[in-house]
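S.K.: Could you work out the structure for the sequence below:
(chains A and B, ligands or ions: 2)
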Amino acid sequence: MAQKHPKTHLTAERIQAFLDDALSRDDRAEIQEHATSCGRCQAELETWQLLYSELGGLPELSPAPNFRERVLAGLDTAVAGEQRLPVSAEQRLPVSGEQRLFGWLRQRAVRAAEHLGPERLQDYVEGLLPERQMARVSAHLEACEDCHGEEEQWRSLIHGIEKLPVMAPSSAFASHVMGQIRIGRLMRPAAASTARGFALARAWAGRLVPRTQKAWAVISGIALTPVTVVALLAYAVFSNPLVTPGALASFLWWRISDGANAVWGLLADGLVESPIAFYAYSALDLLAGYPGVTAMVAVSFAAATSLAGWVLYRNLMTTRTADENYARASV
Amino acid sequence: MDFDTQTDKELAALAAAGNEGAFAELLRRYERPIFSLVYRMVRDRALAEDLAQETFIRAFNAVASYDPRYKFSSWIFKIANNHTIDHLRRRKLDTVSIDGSPHARTVQEEEQTRLVVESTDENPQEYVEHRELGDQIEQAIGKLRPEYRTAVLLRHVEGYAYEEISKIMDLPLGTVKTYLHRARGELKESLAHLIS
Ligand SMILES: [Zn+2]
Ligand SMILES: [Zn+2]
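M.R.: Ligands and ions are numbered 1, 2, ... in the order given. Below is the predicted model of the structure:
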């Protein structure tokens, strides 16, 4: 069979068409034949194969209709970010977008071709990597036999350990232990059942105690709500020009003494005449003389409450536990 | 009272109230896993039995101090691990001196120590092969540093999650991961002839 392009190396377009399955049977055979006899093109083909599997593992780059345009548009930044070596005169020559795309994709492919380290492979086998990295690793494993072999070894090691049998101690073990427990041995049945009730109640109470920071935040929020509402209500009431603190205080005073008279009789008389009630009334009376001060106090109170709530929220909702920090640092 | 339907936490509460049946049930649930861990840490049956017993006696006598916000299993594994590691440090019984066979040396020992194999569906040939592979793995685990041993056993024999292991071993999550990476690396190297 006469070869059409015996000396011509495979172009990027032809390789891509080959990988896209867009060639005739004869063309495919020809490419395969050339690649088996030409080391350079075989390497090229393998790079592209890896690149394809790599791209398969990148959801944000999955070929859309405008895939090329999108890549070309973002190319300058990508290339600038990845090439840290001094640029030679040759490289500074104007190059077509297509060429730059190829160069950039090659860089990606080379990185994809880097073998997986033992830690990465173990984390992959253990399912510890984020979803995107899992996809990348499995794309590499599909394309790379060396790493695939390593992966199998890790798996069979772990499987071997998991198959180790559960061991049982001697039959005298339990009775030895039970013979040396101090607690509760001398408890009378009645006392034991009361204690049991307490213990179960404690276990139940334990279940009701919130365990997550979110739960605590929600509970604090709920606990803070009445305080905030009262503060806002006070603010609304006092900011109304028709309602003066003095009038409100007198009204409350009247209600309280009336109710107290009805309920406690003589006791209430003592309360009304007590110095504490007198001071409280004087304070309200004094505030009534200065509506501006009163409003400021109310506003400060509301602000302080909101601030307290906000601080509580920030602390509970956004601080991370040490564990989470570690988890982050090591991924 | 029907103990086997109770959760560990309920049992611990009952035990704290002096209920003997609750202690017995907790013991029934944990004697094998705890003994397995301790045995593989020290690789000496009599010693493992003593250490496991002391673990349970300590834990049960202090069950009132168990905090039900944590898993009971983590709590008791933590006590077992601390006790065993303390012992290994005290006796300097480290990796060197415990390189013997993991299986009983006399018939009597063999009888005393019931070996529970959970998967019974494998044929005798496979069982023998697993046992031989198992012996090699046991020996390789025995050569690891005690901390690595604990991490590997908790992860791959007991099946604990990484977070749980970090609680049991009182170590940051990152350290647990590092221990497991290194431990598996050493095992892979010493078992290379078997798994490649
Ligand atoms: Zn060629
Ligand atoms: Zn590879």
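S.K.: can you confirm B:R69 is in a helix?
M.R.: No - under DSSP: H, G, I helix; E, B strand; the rest coil, B:R69 sits outside any helix and is assigned coil.
S.K.: What about it, how many residues nearby?
M.R.: 10 (other Cβ atoms under 10 Å in any protein chain shown). C-beta here means a position set from N, CA and C on the backbone, and glycine is covered the same way.
S.K.: Ok, A:G160 next?
M.R.: By the criterion of other Cβ under 10 Å, A:G160 has 20 neighbours.
S.K.: Would you enumerate the residues in contact with the most centrally placed residue in chain B?
M.R.: Centroid-nearest residue in chain B: B:L37, 1.4 Å away (criterion: Cα atoms, centre = their mean). Applying Cβ atoms under 8 Å, 6 or more residues apart in numbering or on different chains, we find B:L37 in contact with B:F77, B:A80, B:N81, B:T84, B:T150, B:L153, B:L154, B:V157, B:E158.
S.K.: mind listing the strands in the stretch 1-150 of chain A by residue range?
M.R.: Taking DSSP state E, counting those that start in this stretch, the stretch 1-150 of chain A contains no strands at all.
S.K.: And the residue of chain B that's closest to ligand 1?
M.R.: B:S196 (35.1 Å; Cβ to the ion).
S.K.: just checking, that residue touches A:Q153?
M.R.: Yes - using Cβ atoms under 8 Å, B:S196 is in contact with A:Q153, at 6.0 Å.
S.K.: neighbour count winner among these two?
M.R.: Just comparing B:S196 and A:Q153: by other Cβ under 10 Å the higher neighbour count belongs to A:Q153, 19 against 11.
S.K.: hang on, isn't that one packed against B:L187?
M.R.: No - with contact defined as Cβ under 8 Å, A:Q153 does not count as touching B:L187 (10.6 Å).
S.K.: per-residue pLDDT, the residue of chain B closest to ligand 1?
M.R.: Listed pLDDT for B:S196 reads 72.
S.K.: Pick out the residue of chain B closest to ligand 2.
M.R.: Closest point on chain B to ligand 2, by Cβ to the ion, is B:S196, at 16.3 Å.
S.K.: Please give me every residue in contact with that residue.
M.R.: The contact partners of B:S196, by Cβ under 8 Å, 6+ apart, come to A:G149, A:Q153.
S.K.: all strands for the stretch 151-300 of chain A, in order.
M.R.: Secondary structure of the stretch 151-300 of chain A (DSSP E, counting those that start in this stretch): strands located at A:166-167.
S.K.: from it, which residue is nearest to ligand 2?
M.R.: Closest point on the stretch 151-300 of chain A to ligand 2, by Cβ to the ion, is A:E151, at 9.6 Å.
S.K.: burial measure for that residue, as a count.
M.R.: A total of 20 residues lie near A:E151 under the criterion other Cβ under 10 Å.
S.K.: show me the contacts for it.
M.R.: Applying Cβ under 8 Å, 6+ apart, the residues near A:E151 are A:L116, A:L121, A:Y124, A:V125, A:L141.
S.K.: Wait, B:F77 touches B:I34, no?
M.R.: Yes - look at B:F77 against B:I34 with Cβ under 8 Å: they come within range, at 7.1 Å.
S.K.: Show me which residues of chain A are close to ligand 1?
M.R.: A:H9, A:C38, A:C41 (Cβ under 5 Å from the ion).
S.K.: and the nearest residue to the second one once chain neighbours are set aside, backbone torsions?
M.R.: Taking Cβ to Cβ, 6 or more residues apart in numbering or on different chains as the measure, A:C38 lies nearest to A:H9, with 6.8 Å between them; neighbours along the chain are not counted. A:H9 has phi and psi values of phi -70, psi 160 when expressed as degrees, to the nearest 10.
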